[in-house]
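J.: pasting a predicted model and its sequence here:
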Amino acid sequence: MTTPGEESEKDFEIQVSASDREEFKRLDVYLANKLPQFSRSTIKRLFEDEEISSETVKLSLNKMPPAGTVIEIEVPPPIPSDLIAENIPLEILFEDPHLIIINKPAGLVVHPAPGHYTGTLVNAILYHCPDLKGIGAEKRPGIVHRLDMGTSGVMVVAKDQATHEGLVGLFSTHDIERKYEALVAGLPNVLNGTLQSTLGRHPTNRLKMAANVKNGKNAITHFHVLQKFENISHVELKLETGRTHQIRVHMSQILHTPVLCDPVYGATSTSLKKLPEVLRKELEAYPFQLLHAKELGFIHPITKQKLHFTSKPPEIFQKTLGVLQSQA
């Protein structure tokens, strides 16, 4: 799961042949042979992070897929090994020896990458958890899922290898309850529905994603309109898959109701004309999309406790919604 909004170092696509199946018995050995620049431990980490996938077959590292299977490998940008612990305030919703649940503010980058080596959620977790066991041989928290820099809301971070692997399994089998809410420009024709497409890199702009592109990955978003206003809607969204920028692309390109203030996929000026001038100017200057991950629920992979967390959206989201409701 490459960090939303961040560019992969390089993408690979490999098709398994009949001779490959005869020569290799395990997928990890096969990939290590085809991509000698990556160790088997790196391949395992990429697989656990859902960076190795196929559109047609559920992959397993300990066996070869059928001949003809196309395997896609996304390699995230390199991360510096000397990550710095930084005293960045965190809103912690829950914590135990295995994991931590936080309410991520809009504007906080989740993972260090080119251009953002410091000031990230990972740097903050390292400071908050000085006794962190880490993932693999490295002392770093286990980022299981990511929110775009501008998206706020509930996130879970693993503090040890076993929890990380357990959470990756829950996300890969969709045994995670995830709900978002957004303010979007426009009025959907129906109150409920499912948005489905392939999702992949934009053919001409590598910083964007696009729906229904060649070799894209299947993406499914369920939506429910909570309230309609004159030209803005308050929408609840439930992810079935978790592709990069999925909600933002689906709302903009499939439903044609882009998330308000989205700096990449949506224009805001015409949508905000009916709002009071003070609020309109505040929103026009707001650099992030009004999209919030409001609910996260799952079975704790170690304690088996049922966990469920909610958080309120940022103040500007609540303020905008309040004005819209007062004008309705």
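T.: That came through, no problem.

J.: tell me where the stretch 51-200 of the chain is predicted with low confidence.
T.: The stretch 51-200 of the chain contains residues with pLDDT under 70 at 76-82, 114-116, 134, 136-139.

J.: burial check on the closest residue to Ser17 other than its chain neighbours, number of neighbours?
T.: Distance criterion CB to CB, 6 or more residues apart in numbering; nearest residue to Ser17, sequence neighbours excluded, is Ala67 at 5.9 Å. Heads up, the C-betas are built off the backbone N, CA and C, glycines and all. Ala67: 13 surrounding residues under other CB atoms under 10 Å.

J.: verify the stated contact: Ala67 with Arg21.
T.: Yes - counting by CB atoms under 8 Å, Arg21 is a contact partner of Ala67 at 5.6 Å.

J.: joint contacts of these two?
T.: Residues touching both Ala67 and Arg21 (CB atoms under 8 Å, 6 or more residues apart in numbering): none.

J.: so the residue nearest to Ser17: helix, strand or coil?
T.: Look at Ala67: counting by DSSP: H, G, I helix; E, B strand; the rest coil, its state is coil.

J.: so where do the strands sit in the chain?
T.: Shown for the chain, the strands assigned by DSSP state E span residues 10-15, 52-53, 70-75, 92-95, 99-104, 142-143, 152-158, 177-185, 192-201, 209-211, 217-228, 232-239, 291-299, 306-310.

J.: strands paired with the second one, and their directions?
T.: In this case it means strand 52-53. Applying DSSP bridges to the sheet, strand 52-53 is found paired with strand 70-75 (antiparallel).

J.: got the angle for the partner strand vs strand 217-228?
T.: Inter-element angle recorded for strand 70-75 and strand 217-228: 70 degrees (by axes from the mean of the first three to the mean of the last three CA atoms, to 10 degrees).

J.: all helices for the stretch 1-150 of the chain, in order.
T.: 18-23, 27-34, 40-48, 121-128 (DSSP state H, counting those that start in this stretch).

J.: picking that back up, just send the strands of the chain back as a markdown table, with mean neighbour count and distance to Ile84 too.
T.: Shown next, in a markdown table, are the strands of the chain (neighbours: other CB atoms under 10 Å; distance: least, CB to CB, whole Å):
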| stretch | mean neighbour count | distance to Ile84 |
| --- | --- | --- |
| strand 10-15 | 13 | 26 |
| strand 52-53 | 21 | 29 |
| strand 70-75 | 18 | 23 |
| strand 92-95 | 14 | 20 |
| strand 99-104 | 22 | 19 |
| strand 142-143 | 24 | 16 |
| strand 152-158 | 25 | 17 |
| strand 177-185 | 23 | 30 |
| strand 192-201 | 17 | 31 |
| strand 209-211 | 21 | 30 |
| strand 217-228 | 18 | 33 |
| strand 232-239 | 21 | 32 |
| strand 291-299 | 21 | 26 |
| strand 306-310 | 14 | 28 |
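
J.: in CSV, list the ones you listed along with distance to Thr118.
T.: Putting those into CSV (distance: least, CB to CB, whole Å) gives the following:
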stretch, distance to Thr118
strand 10-15, 24
strand 52-53, 29
strand 70-75, 22
strand 92-95, 21
strand 99-104, 17
strand 142-143, 16
strand 152-158, 18
strand 177-185, 28
strand 192-201, 27
strand 209-211, 26
strand 217-228, 31
strand 232-239, 29
strand 291-299, 24
strand 306-310, 27
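
J.: which one, of these, ends up nearest to Pro263?
T.: Closest to Pro263 of the strands of the chain is strand 291-299 (CB to CB; 11.7 Å).

J.: angle of that closest one against strand 306-310?
T.: Using the same axes, to 10 degrees: strand 291-299 against strand 306-310 is 170 degrees.

J.: now for strand 291-299, which elements pack on it?
T.: Judged by 3 or more CB pairs under 8 Å, 6 or more residues apart in numbering; DSSP states H and E, strand 291-299 is in contact with strand 152-158, helix 161-172, strand 177-185, strand 306-310.

J.: one more time with 7 Å, if that's ok
T.: Helices and strands touching strand 291-299, as assessed by 3 or more CB pairs under 7 Å, 6 or more residues apart in numbering; DSSP states H and E, comprise strand 152-158, strand 177-185, strand 306-310.

J.: using CSV, write down the CA coordinates of that strand.
T.: C-alpha atoms of strand 291-299 as CSV (Å, rounded to 0.1, in the frame of the first residue of the first chain):
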residue,chain,number,x,y,z
LEU,A,291,-12.4,14.2,4.1
HIS,A,292,-12.3,12.5,7.5
ALA,A,293,-11.8,8.8,8.5
LYS,A,294,-14.4,8.8,11.3
GLU,A,295,-14.6,5.1,12.3
LEU,A,296,-12.3,2.2,12.6
GLY,A,297,-13.2,-1.2,14.0
PHE,A,298,-11.5,-4.6,14.1
ILE,A,299,-10.7,-7.6,16.3
